[in-house]
Each structure stands twice: as C-alpha cells, then as structure tokens.
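Peer 1: The following comprises the amino acid sequence and a computationally predicted model.
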Amino acid sequence: MQVQKVDDITPKEFHNEFYMTGTPVVFKNASKVWKANGTFTPDWFRQNYGERTVEVKGKKYTMREVMDMVENSTEKDPAPYPIIYNIPETLPELTPMLQPLNLNYACPNWLESKWFKKGNWGGVTELFIGGPGGRFPYVHLDYYHLSAWINQLYGEKRFTVYPRGQEEFLYPKADDPWRSDINIFEPDYEKFPKYKNATPIHFTVGAGETLFIPFGTWHSAYSLTPTISVAFDQLNRKNYPEFMKDVWMFKKREGTLRAIKQYSYAWFAGQTCKLGDALGAKRS
Ligand SMILES: O=C(O)CCC(=O)C(=O)O
Ligand SMILES: [Fe+2]
C-alpha cells in the first residue's frame, strides 16, 4: 500500500474514496484556500510574534528562540520536537488566516460546532514547529478516535502510517493503548518480535500539502527540515461511536460521576450535531 497524492479532487470524491474507506491521503494543494499558505515562514513568525512564548518539556521559549532552535537543529543534535502552540489560546490572530478551517473537505466537522467546543476532548487547532531530526516521540493513535488533518505550511516532514488492522504488531501499551513503545527507527525485534510483520508506509509531506489521517490509523512523524504545520481534528457521525467509547474511558479516570456527566453531555451534543447535519448547518 502507498499513500496517494491527489490534486483538485472534489469534496464528493474525497468523501467516497478516502473518508468513507478510512484511507490516508495527501492533498497537494488543499490549503491554498488559507491565507496562511505561503505566509507562514520562520521570519514571518519572528517579525510578527517574536515574543510569543511556548513551554516545551517544562522550559519556556519565545518564538524567536524557537525559530533559531529549529533552524540550527541537526539530525545529530535535534531541537525538541514537537513544539506546539495552542492557536486559539496563544496565537488567536492566526485564526482568520486558516479559513475555512475545513478546507472545504473536512466536512462535516462537529468540533466546529459550539456544542463540542465547550467540551474538553482534544480537537484544538495547533501550530507544530520542528527542525531536522525532530521525531514525534512515539507511534500512536490520536485520542478520542478523531481524524487528523495535518497541513504542512513550511518545510518537509516524513510521516509513517500503518494500514488498519496491524494493532497486534504494534504492541499498544497496557496502561495507554493509544501508544506503542516501539522505536520505529531502530525496532527492538527481541522485545517486539511481531513488529516484523508490520508494514509501515513512509512518505514525505511538503510545503502546501495536507495529510488526512483517518481515525484509527497508527502514525508518527519526523521533521526533515525546519517545519511549520497546522493540525486540526475532525469528528462526525462516522467516528462518533468510537469517540464516545473514548470519552467514557478517559473521563472514567476522573471518577464515575464525572464520566457520566461528560458522557451525557457528549451524547446530547452528538444528537444535536446529527440533527444539524440533516438540516445543513453551516459551522465555520
Ligand atoms: O508531528 C506531527 O506532525 C504529527 C503530530 C501528531 O500525530 C499528533 O499530534 O497527534
Ligand atoms: Fe497523531
């Protein structure tokens, strides 16, 4: 299997060929509808948001320091990865440059409705910054079975995805079954012998390209150059049943009463969004 790169497909074609079948795909220029496309560069961030701070592994950095770090990053001595800015909270000025957030493909997206924005279940739009040698720390499934949209706006990242159904080769952690401890760069086959059967698919996503990772797809990323990307998540009736299971499982950690409350809320929000879909709600 390979990950296809597509250009100018219609939303309907995307829906039928990739969304419904849960197939990862790279759009060559879906993010051209965003002002951010072509604008986001290290210098642009230095000039406009140079003093905006972010915490990485317990240490605070300014945007200027972040950009210096990733531009000086090497495979031997990589900058920390990922460096993540929560856009609505720390860089809200970027939001108008990311419209329509759904790129006219990630529709419907219940995370854009006011019902789910109030919830506490991931789904925040994030700015990812990295440099050469930066590895996402583990192979994983995204929490809450959300589908992910990763928009590469500057530089190149190498992604690895696994066809669905290879769970047993990836050894999900007992206490955190969304993650694996396998180092995919140097797998320890003695510890993880079944990993030999896994068939990772590697591919590069370059500036202007967008990667769609359907829920339930194990994946990881590796920064090849200084990179800037914007990631957002998608929820709708397709991943909603799995989402609800995760809501229960995660909220249960905070106590049964809280789980019941949150689950009920998410159930109600889901019914409202289903109705909204049927009535053709515009959410962006
Ligand atoms: O580094 C990346 O772009 C991958 C990010 C990712 O998979 C995640 O945040 O869940
Ligand atoms: Fe992920």
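Peer 2: Arrived safely, thanks for sending. Ligands and ions are numbered 1, 2, ... in the order given.
Peer 1: Below-threshold pLDDT in the stretch 101-250 of the chain: ranges please.
Peer 2: 118-119 (pLDDT under 70).
Peer 1: Could you grab the helix/strand/coil label for the closest residue to ligand 1 within it?
Peer 2: In the stretch 101-250 of the chain, the residue that lies nearest ligand 1 is residue 221 (3.4 Å; Cβ to the nearest ligand atom). Quick note: C-beta positions are derived from backbone N, CA and C, even for glycine. Classification of residue 221 by DSSP: H, G, I helix; E, B strand; the rest coil places it in strand.
Peer 1: residues contacting it?
Peer 2: Applying Cβ atoms under 8 Å, 6 or more residues apart in numbering to residue 221 gives the contacts 82, 135-136, 150, 157-160.
Peer 1: neighbours around the residue nearest to it when sequence neighbours are not counted, how many?
Peer 2: Excluding the flanking residues, the one nearest residue 221 by Cβ to Cβ, 6 or more residues apart in numbering is residue 136, at 4.4 Å. Look at residue 136: counted by other Cβ atoms under 10 Å, it has 19 neighbours.
Peer 1: same thing with the one 5 residues further on?
Peer 2: For residue 141, the tally of surrounding residues (other Cβ under 10 Å) stands at 23.
Peer 1: Now do the phi/psi pair for it.
Peer 2: As for residue 141, its main-chain torsions (degrees, to the nearest 10) stand at phi -110, psi 140.
Peer 1: That one and residue 214 touch, don't they?
Peer 2: No - shown here, residue 141 and residue 214 do not form a contact pair, counting by Cβ atoms under 8 Å, at 10.7 Å.
Peer 1: what residues does this structure put near ligand 1?
Peer 2: Contacts of the chain with ligand 1, taken as Cβ under 6 Å from any ligand atom, map to 82, 128, 136, 142, 150, 157, 219, 221, 229, 231.
Peer 1: so which pair among those residues is furthest apart in space?
Peer 2: 142 and 157 (16.1 Å; Cβ to Cβ).
Peer 1: for this structure, what's the longest helix?
Peer 2: helix 256-278 (DSSP state H).
Peer 1: Could you pull up the mean pLDDT of that helix?
Peer 2: Here helix 256-278 scores 95 as its mean pLDDT.
Peer 1: The closest residue to residue 276 other than its chain neighbours: neighbour count?
Peer 2: Excluding its sequence neighbours, the residue lying closest to residue 276 (Cβ to Cβ, 6+ apart) is residue 113, at 6.5 Å. For residue 113, the neighbour count with other Cβ under 10 Å is 18.
Peer 1: And for residue 122?
Peer 2: 17.
Peer 1: Helix, strand, or coil at residue 149?
Peer 2: strand.
Peer 1: Beta-bridge partners for it, please?
Peer 2: With DSSP bridges as the criterion, residue 149 is bridged to residue 212, residue 232.
Peer 1: Hmm, it is touching residue 231, no?
Peer 2: Yes - using Cβ under 8 Å, residue 149 makes contact with residue 231 at a distance of 6.7 Å.
Peer 1: Have a look at those two and say which one is more surrounded.
Peer 2: residue 149 (24 against 21).
Peer 1: Can you name the residues that contact the more buried one?
Peer 2: Taking Cβ under 8 Å, 6+ apart, one finds 103, 106, 210-213, 231-234 in contact with residue 149.
Peer 1: Could you identify the most distant pair in these?
Peer 2: 103 and 213 (14.3 Å).
Peer 1: which residues in the stretch 101-250 of the chain form strands?
Peer 2: 126-130, 147-154, 157-161, 172-173, 176-180, 201-205, 210-213, 219-223, 227-234 (DSSP state E, counting those that start in this stretch).
Peer 1: wait, which of these is closest to residue 195?
Peer 2: Residue 195 lies closest to strand 176-180 among those, at 8.8 Å (Cβ to Cβ).
Peer 1: Return the set of buried residues in that closest one.
Peer 2: Burial within strand 176-180, assessed by neighbour count using 16 or more other Cβ atoms under 10 Å, is assigned to 178-180.
Peer 1: And for stretch 157-168?
Peer 2: 157, 159-162, 166.
Peer 1: which outside residues touch it?
Peer 2: 1, 3, 22, 24, 130, 139, 150, 169-170, 184, 194, 197-205, 211, 213, 216-224, 227, 229.
Peer 1: Now, of these, which are buried?
Peer 2: For those, buried by 16+ other Cβ under 10 Å: 3, 22, 24, 130, 139, 150, 169-170, 184, 198, 200, 203, 205, 211, 213, 217-224, 227, 229.
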